[in-house]
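S.K.: next come a sequence and a model predicted from it.
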Amino acid sequence: DTEVTQTPKHLVMGMTNKKSLKCEQHMGHRAMYWYKQKAKKPPELMFVYSYEKLSINESVPSRFSPECPNSSLLNLHLHALQPEDSALYLCASSQVSLGTQYFGPGTRLLVL
Amino acid sequence: QQQVKQSPQSLIVQKGGISIINCAYENTAFDYFPWYQQFPGKGPALLIAIRPDVSEKKEGRFTISFNKSAKQFSLHIMDSQPGDSATYFCAASPPGGKLIFGQGTELSVKP
(Lines give C-alpha, C1' and ligand atoms only; values in the text may rest on other atoms or scores of the structure.)
Protein backbone atom coordinates (compact mmCIF):
# COMPACT_ATOMS: atom_id res chain seq x y z
CA ASP A 1 0.00 0.00 0.00
CA THR A 2 1.51 3.31 -1.08
CA GLU A 3 -1.17 5.65 0.18
CA VAL A 4 -0.58 9.13 1.46
CA THR A 5 -3.73 10.94 2.58
CA GLN A 6 -4.25 14.69 2.82
CA THR A 7 -6.98 16.81 4.37
CA PRO A 8 -8.77 18.94 3.52
CA LYS A 9 -9.14 18.42 -0.24
CA HIS A 10 -10.04 22.07 -0.77
CA LEU A 11 -9.47 25.14 1.37
CA VAL A 12 -10.46 28.77 0.90
CA MET A 13 -8.99 31.28 3.30
CA GLY A 14 -8.66 34.99 3.72
CA MET A 15 -5.32 36.72 4.10
CA THR A 16 -5.80 37.14 7.85
CA ASN A 17 -6.88 33.56 8.56
CA LYS A 18 -4.92 30.77 10.21
CA LYS A 19 -5.44 27.27 8.86
CA SER A 20 -3.61 23.95 8.78
CA LEU A 21 -3.10 21.24 6.21
CA LYS A 22 -2.73 17.66 7.35
CA CYS A 23 -0.91 14.71 5.82
CA GLU A 24 -0.80 11.11 6.98
CA GLN A 25 0.98 7.95 5.87
CA HIS A 26 1.02 4.46 7.37
CA MET A 27 3.73 2.91 5.23
CA GLY A 28 6.41 3.19 7.91
CA HIS A 29 8.20 5.82 5.84
CA ARG A 30 10.67 7.95 7.80
CA ALA A 31 10.79 10.96 5.47
CA MET A 32 7.93 13.31 4.61
CA TYR A 33 7.76 16.30 2.31
CA TRP A 34 5.71 19.36 1.46
CA TYR A 35 5.56 20.57 -2.13
CA LYS A 36 3.76 23.47 -3.75
CA GLN A 37 2.46 23.12 -7.30
CA LYS A 38 1.13 25.86 -9.52
CA ALA A 39 -1.03 25.09 -12.54
CA LYS A 40 0.86 23.45 -15.43
CA LYS A 41 4.14 23.52 -13.45
CA PRO A 42 6.13 20.79 -11.72
CA PRO A 43 6.00 20.43 -7.93
CA GLU A 44 8.37 22.71 -6.01
CA LEU A 45 9.94 21.35 -2.84
CA MET A 46 9.21 23.34 0.32
CA PHE A 47 10.24 21.21 3.31
CA VAL A 48 11.72 17.80 4.08
CA TYR A 49 11.38 15.99 7.40
CA SER A 50 13.62 13.05 8.13
CA TYR A 51 12.98 11.01 11.28
CA GLU A 52 10.63 13.76 12.47
CA LYS A 53 13.29 16.45 12.21
CA LEU A 54 13.27 19.25 9.67
CA SER A 55 16.19 18.57 7.35
CA ILE A 56 15.48 20.86 4.39
CA ASN A 57 13.74 24.23 4.25
CA GLU A 58 13.84 25.63 0.74
CA SER A 59 13.82 29.26 1.93
CA VAL A 60 10.06 29.19 2.35
CA PRO A 61 8.44 32.34 3.83
CA SER A 62 7.67 32.13 7.54
CA ARG A 63 3.94 32.37 6.88
CA PHE A 64 4.27 28.62 6.14
CA SER A 65 5.15 26.65 9.27
CA PRO A 66 5.65 22.87 9.07
CA GLU A 67 5.25 20.47 11.96
CA CYS A 68 5.89 16.75 12.27
CA PRO A 69 4.16 15.48 15.45
CA ASN A 70 5.15 11.85 14.77
CA SER A 71 6.53 9.65 12.02
CA SER A 72 3.11 9.23 10.38
CA LEU A 73 1.83 12.79 10.50
CA LEU A 74 2.87 16.02 8.84
CA ASN A 75 1.15 19.37 9.21
CA LEU A 76 1.55 22.65 7.39
CA HIS A 77 0.33 25.68 9.35
CA LEU A 78 -0.69 28.66 7.28
CA HIS A 79 -0.94 32.25 8.49
CA ALA A 80 -1.28 35.61 6.74
CA LEU A 81 -1.02 34.09 3.28
CA GLN A 82 -1.04 36.08 0.07
CA PRO A 83 -3.20 35.44 -3.02
CA GLU A 84 -0.08 34.25 -4.88
CA ASP A 85 0.14 31.39 -2.38
CA SER A 86 -2.93 29.85 -3.99
CA ALA A 87 -1.80 26.48 -5.33
CA LEU A 88 -2.03 22.72 -4.94
CA TYR A 89 -0.11 21.68 -1.82
CA LEU A 90 1.25 18.18 -2.04
CA CYS A 91 2.54 15.93 0.67
CA ALA A 92 4.87 13.05 -0.13
CA SER A 93 6.68 10.37 1.81
CA SER A 94 9.59 8.02 1.24
CA GLN A 95 11.15 5.15 3.11
CA VAL A 96 14.35 7.06 3.61
CA SER A 97 15.18 10.73 3.16
CA LEU A 98 15.17 11.70 -0.52
CA GLY A 99 14.37 8.14 -1.63
CA THR A 100 11.50 7.09 -3.90
CA GLN A 101 8.68 9.49 -3.14
CA TYR A 102 4.96 8.76 -3.07
CA PHE A 103 2.60 11.70 -3.30
CA GLY A 104 -0.77 12.35 -1.73
CA PRO A 105 -3.74 13.78 -3.66
CA GLY A 106 -3.02 17.33 -2.54
CA THR A 107 -4.96 20.18 -0.97
CA ARG A 108 -6.22 22.82 -3.38
CA LEU A 109 -5.74 26.15 -1.57
CA LEU A 110 -7.32 29.42 -2.61
CA VAL A 111 -6.30 32.61 -0.79
CA LEU A 112 -8.68 35.51 -1.20
CA GLN B 1 23.55 21.78 -14.32
CA GLN B 2 20.73 20.88 -11.99
CA GLN B 3 18.10 21.17 -14.74
CA VAL B 4 16.12 18.42 -16.40
CA LYS B 5 14.81 19.46 -19.81
CA GLN B 6 11.61 17.76 -20.93
CA SER B 7 10.00 17.76 -24.36
CA PRO B 8 7.55 18.13 -25.91
CA GLN B 9 5.47 20.47 -23.77
CA SER B 10 2.29 18.94 -25.18
CA LEU B 11 1.54 15.87 -27.25
CA ILE B 12 -1.52 14.63 -29.11
CA VAL B 13 -1.62 10.95 -30.05
CA GLN B 14 -4.30 8.80 -31.62
CA LYS B 15 -5.68 5.87 -29.67
CA GLY B 16 -3.47 2.84 -30.20
CA GLY B 17 -0.44 4.94 -31.11
CA ILE B 18 2.90 5.31 -29.34
CA SER B 19 3.49 8.31 -27.09
CA ILE B 20 7.12 9.34 -26.64
CA ILE B 21 8.34 11.91 -24.11
CA ASN B 22 12.00 12.84 -23.84
CA CYS B 23 14.15 14.22 -21.05
CA ALA B 24 17.76 15.36 -20.95
CA TYR B 25 20.04 16.18 -18.04
CA GLU B 26 23.52 17.57 -17.46
CA ASN B 27 24.46 16.41 -13.97
CA THR B 28 26.33 13.12 -14.31
CA ALA B 29 25.83 12.52 -10.58
CA PHE B 30 22.12 11.82 -11.14
CA ASP B 31 21.47 8.15 -10.48
CA TYR B 32 17.70 7.84 -10.17
CA PHE B 33 15.20 8.71 -12.92
CA PRO B 34 11.48 8.35 -12.12
CA TRP B 35 8.46 9.25 -14.21
CA TYR B 36 5.30 10.57 -12.60
CA GLN B 37 1.78 10.66 -14.07
CA GLN B 38 -0.60 13.35 -12.88
CA PHE B 39 -4.30 13.64 -13.61
CA PRO B 40 -6.04 17.02 -13.19
CA GLY B 41 -6.71 17.81 -9.55
CA LYS B 42 -4.71 14.80 -8.33
CA GLY B 43 -1.23 14.28 -6.95
CA PRO B 44 1.58 12.86 -9.10
CA ALA B 45 1.68 9.06 -9.12
CA LEU B 46 4.95 7.18 -9.55
CA LEU B 47 4.70 5.38 -12.88
CA ILE B 48 8.07 3.79 -13.48
CA ALA B 49 11.68 4.50 -12.53
CA ILE B 50 15.14 3.50 -13.73
CA ARG B 51 18.73 3.60 -12.53
CA PRO B 52 21.66 4.09 -14.94
CA ASP B 53 22.89 0.50 -14.71
CA VAL B 54 20.18 -0.60 -17.17
CA SER B 55 19.30 0.81 -20.59
CA GLU B 56 15.64 -0.10 -20.61
CA LYS B 57 12.87 -0.96 -18.18
CA LYS B 58 9.39 -2.09 -19.13
CA GLU B 59 6.23 -2.25 -17.05
CA GLY B 60 3.16 -3.17 -19.02
CA ARG B 61 2.64 -0.59 -21.78
CA PHE B 62 5.19 1.80 -20.26
CA THR B 63 8.90 1.63 -21.12
CA ILE B 64 11.79 3.83 -20.02
CA SER B 65 14.76 3.97 -22.38
CA PHE B 66 17.98 5.31 -20.88
CA ASN B 67 21.05 6.54 -22.78
CA LYS B 68 23.80 7.28 -20.28
CA SER B 69 26.33 8.59 -22.78
CA ALA B 70 23.83 11.02 -24.27
CA LYS B 71 22.43 11.89 -20.81
CA GLN B 72 18.91 11.33 -22.07
CA PHE B 73 15.99 9.18 -21.03
CA SER B 74 12.55 8.77 -22.48
CA LEU B 75 9.13 7.35 -21.71
CA HIS B 76 7.33 5.29 -24.33
CA ILE B 77 3.64 4.52 -23.91
CA MET B 78 2.61 1.72 -26.26
CA ASP B 79 -0.98 1.29 -27.45
CA SER B 80 -1.89 4.69 -25.95
CA GLN B 81 -5.42 4.93 -24.54
CA PRO B 82 -7.67 7.92 -23.77
CA GLY B 83 -7.27 7.03 -20.09
CA ASP B 84 -3.54 7.79 -20.44
CA SER B 85 -4.38 11.45 -21.04
CA ALA B 86 -2.55 13.23 -18.23
CA THR B 87 0.51 15.33 -17.49
CA TYR B 88 3.77 13.39 -17.30
CA PHE B 89 6.80 14.60 -15.36
CA CYS B 90 10.27 13.15 -15.64
CA ALA B 91 12.61 13.70 -12.73
CA ALA B 92 16.16 12.96 -11.68
CA SER B 93 18.10 12.97 -8.45
CA PRO B 94 21.66 12.38 -7.30
CA PRO B 95 22.33 9.92 -4.45
CA GLY B 96 20.66 11.32 -1.33
CA GLY B 97 19.65 14.41 -3.25
CA LYS B 98 16.46 16.23 -4.10
CA LEU B 99 14.24 15.31 -7.03
CA ILE B 100 14.66 17.69 -9.95
CA PHE B 101 11.53 17.70 -12.12
CA GLY B 102 11.18 18.38 -15.81
CA GLN B 103 8.62 20.97 -16.85
CA GLY B 104 5.99 18.38 -17.74
CA THR B 105 4.28 17.09 -20.88
CA GLU B 106 0.54 17.31 -21.32
CA LEU B 107 -0.53 14.17 -23.21
CA SER B 108 -3.89 13.95 -24.94
CA VAL B 109 -4.91 10.62 -26.50
CA LYS B 110 -7.71 11.04 -29.03
CA PRO B 111 -10.25 8.23 -29.47
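M.R.: Cool, the structure landed. Numbers count the residues shown, from 1 in each chain, chains lettered A, B, ... in the order given.
S.K.: which positions in chain A make contact with chain B?
M.R.: Within chain A, the positions adjacent to chain B are A:2, A:4, A:6, A:40-43, A:45, A:48, A:56, A:88, A:90, A:92, A:97-98, A:100-106, A:108 by CB under 8 Å from any CB of the partner chain. For every residue, glycine as well, the C-beta is placed using N, CA and C.
S.K.: so how do I select the buried members of these in PyMOL?
M.R.: Buried subset of the residues of chain A next to chain B, written as a PyMOL selection, criterion 16 or more other CB atoms under 10 Å in any protein chain shown:
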select buried, chain A and resi 4+6+42+43+45+48+56+88+90+92+97+98+100+101+102+103+104+105+106+108
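S.K.: so which of the residues of chain A next to chain B sit within strands?
M.R.: A:4, A:6, A:45, A:48, A:56, A:88, A:90, A:92, A:102-103, A:108 (DSSP state E).
S.K.: out of these, what pair is the most spread apart?
M.R.: A:Ile56 and A:Arg108 (24.1 Å; CB to CB).
S.K.: any stretches of the chain with poor pLDDT?
M.R.: Assuming you mean chain A. A:1-2 (pLDDT under 70).
S.K.: actually chain B
M.R.: Along chain B, the model assigns pLDDT under 70 to residues B:1.
S.K.: what does it put close to chain A?
M.R.: B:32, B:34, B:36, B:41-46, B:49, B:87, B:89, B:91, B:93, B:96-99, B:101-104, B:106.
S.K.: let's see it at 10 Å
M.R.: When proximity is defined as CB under 10 Å from any CB of the partner chain, chain B approaches chain A at B:4, B:6, B:9-10, B:32, B:34, B:36, B:38-46, B:49, B:87, B:89-91, B:93-104, B:106.
S.K.: which of those are buried, as a PyMOL select command?
M.R.: Per 16+ other CB under 10 Å, the buried members of the residues of chain B next to chain A correspond to this PyMOL selection:
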select buried, chain B and resi 4+6+32+34+36+38+42+43+44+46+87+89+90+91+93+98+99+100+101+102+103+104+106
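S.K.: the residues of chain B next to chain A in strands, which ones?
M.R.: Per DSSP E, these map to strands at B:4, B:6, B:10, B:34, B:36, B:38, B:45-46, B:49, B:87, B:89-91, B:100-101, B:106.
S.K.: element containing the most centrally placed residue in chain A?
M.R.: Most central in chain A under CA atoms, centre = their mean is A:Trp34, positioned 3.1 Å from the mean C-alpha point. Counting by DSSP states H and E, the element that carries A:Trp34 is strand A:31-37.
S.K.: what's the angle from that strand to strand B:33-38?
M.R.: 60 degrees (axes from the mean of the first three to the mean of the last three CA atoms, to 10 degrees).
S.K.: report the contact partners of the residue nearest to the centre of chain A.
M.R.: A:21, A:23, A:43-49, A:58, A:60, A:64, A:66, A:74-76, A:89-92 (CB atoms under 10 Å, 6 or more residues apart in numbering or on different chains).
S.K.: and A:Leu54, helix, strand or coil?
M.R.: Put simply, A:Leu54 is strand when judged by DSSP: H, G, I helix; E, B strand; the rest coil.
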